[in-house]
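Student: Provided below are the primary sequence and the corresponding predicted coordinates.
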Amino acid sequence: MSVVETPLMQVLSRALDLTATRQGLVSQNVANVDTPGYKAQDINFRQELERALGDEEGRQTAPLVRDVPGLIERPDGNNVSLERESLLMAQNQLAFQVDVELLRAEFNRLQLAINGGNGQ
Amino acid sequence: MNLFGLFQISGSALAAERLRAEVATSNLANADTTRTAEGGPYRRRVVVFNSQPNSQFRLLLANTLSAGAAPPAGGVRVTQVVEDPSPPQRRYEPGHPDADAAGYVAYPAISPVQEMVDLMGAERAYELNASAVQAAKQMIQQALQILK
């Protein structure tokens, strides 16, 4: 840990990475909503975040992408649920925003400490 | 995952869905076409969607950056536009210039209802992908906020 990278920043940056990855998968699922035989894909966010933070050396390993279980398959073999993807899209957007705001606040606190509390 | 990559994924779907809408519109427009360049009545066309395999470069890049990684997300593309093999509808119109000896004219086997449903499906899918683009745009703008 360096002086300018707090543990919270590490958590938030990993969370931002994973949220972006997840948004990519949502985009992919939505893009393939009419592709016969396509199966919806996702990552286990919590598991992946814990794995990324548990790695002492800070190596960036790509998250494990897997098929989403429990979705109803249509006759053409496609199981993308538009409701699920729309909700996840909204949720991802908000989660991303929250992470960004928290990160900004953390940087502001750091700035405050650097300036010795004499304003910013 | 590169946030800008989201545009490519959603963009591929926007293009594919638009092509699907174009084909459905073309089918509707030609519902009564009895003459084509290939001869015979117009044949209904159908698009075939295929999930886009990732380019060799992107796969290689992902593998180099992190070994044993999952492949990056891919989009969709229309691999081909095929003709519906169902036989043409025969209607009795002896006065028609394209009527055969028995007085029957071969019309394309196109159901306007089916095409309209397909058109609506394409429209909705287009809308959803457009909102995915909007979401990606917003996320990039928010990420820029960190710098301010």
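Tutor: Noted; the coordinates are in hand.

Student: Would you mind giving the secondary structure of B:His96?
Tutor: Classification of B:His96 by DSSP: H, G, I helix; E, B strand; the rest coil places it in coil.

Student: from memory it sits against B:Val105, does it?
Tutor: Yes. Counting by C-beta atoms under 8 Å, B:Val105 is a contact partner of B:His96 at 4.6 Å. Just so you know, the C-beta spots here come from the backbone N, C-alpha and C atoms, and that holds for glycine as well.

Student: Those two - which one has more neighbours?
Tutor: The neighbour count for B:His96 versus B:Val105, taken as other C-beta atoms under 10 Å in any protein chain shown, is higher for B:Val105 (20 against 14).

Student: Run through the residues that contact the most centrally placed residue in chain A.
Tutor: When C-alpha atoms, centre = their mean is applied to chain A, the residue found nearest the centroid is A:Thr19 (1.6 Å). By C-beta atoms under 8 Å, 6 or more residues apart in numbering or on different chains, the contact set of A:Thr19 is A:45, A:92, A:95-96, A:99, B:139.

Student: picking that back up, give me the common contacts of B:His96 and B:Val105.
Tutor: In contact with both B:His96 and B:Val105: B:Thr34, using C-beta under 8 Å, 6+ apart.

Student: Can you pull the poorly scored residue ranges out of chain A?
Tutor: A:1, A:56-60, A:119-120 (pLDDT under 70).

Student: mind running it again at 50?
Tutor: Along chain A, segments meeting pLDDT under 50 are nowhere present.

Student: Over to chain B?
Tutor: B:68-70.

Student: Do you have the helices of it handy? List them.
Tutor: Secondary structure of chain B, counting by DSSP state H: helices at B:5-29, B:56-65, B:112-145.

Student: Ok, which of these comes nearest A:Thr35?
Tutor: helix B:5-29 (8.8 Å; C-beta to C-beta).

Student: chain center to that closest one: distance?
Tutor: 4 Å (C-alpha atoms, centre = their mean, to the nearest Å).

Student: Tell me the buried residues in it?
Tutor: Residues B:5-17, B:19-21, B:23-24, B:27 are the ones in helix B:5-29 that count as buried (16 or more other C-beta atoms under 10 Å in any protein chain shown).

Student: filter those residues down to the ones near chain A?
Tutor: Under the cut-off given by C-beta under 8 Å from any C-beta of the partner chain, chain A has B:5-6, B:9-10, B:12-13, B:16-17, B:20 from those close to it.

Student: Let me know the closest of these to chain A.
Tutor: Taking C-beta to the nearest C-beta as the measure, chain A lies nearest B:Ala13 of those, at 3.4 Å.

Student: ok, that closest one to B:Arg77 distance?
Tutor: 9 Å (C-beta to C-beta, to the nearest Å).

Student: show me where chain A has helices.
Tutor: A:7-31, A:45-54, A:82-114.

Student: Deepest-packed of those helices, please.
Tutor: Most buried of the helices of chain A, by mean neighbour count (mean count of other C-beta atoms under 10 Å in any protein chain shown): helix A:7-31, with a mean of 22.

Student: how about the residue lying closest to B:Thr25 once chain neighbours are set aside, what does it touch?
Tutor: Distance criterion C-beta to C-beta, 6 or more residues apart in numbering or on different chains; nearest residue to B:Thr25, sequence neighbours excluded, is B:Leu119 at 6.8 Å. B:Leu119 makes contact with B:21, B:24-25, B:28, according to C-beta under 8 Å, 6+ apart.

Student: do the same with B:Ala109
Tutor: B:Ala109 neighbours (C-beta under 8 Å, 6+ apart): B:44, B:84, B:86-89.

Student: could you redo the last one with a cut-off of 6 Å?
Tutor: B:86, B:88-89 (C-beta atoms under 6 Å, 6 or more residues apart in numbering or on different chains).

Student: Nice, that's everything, thank you.
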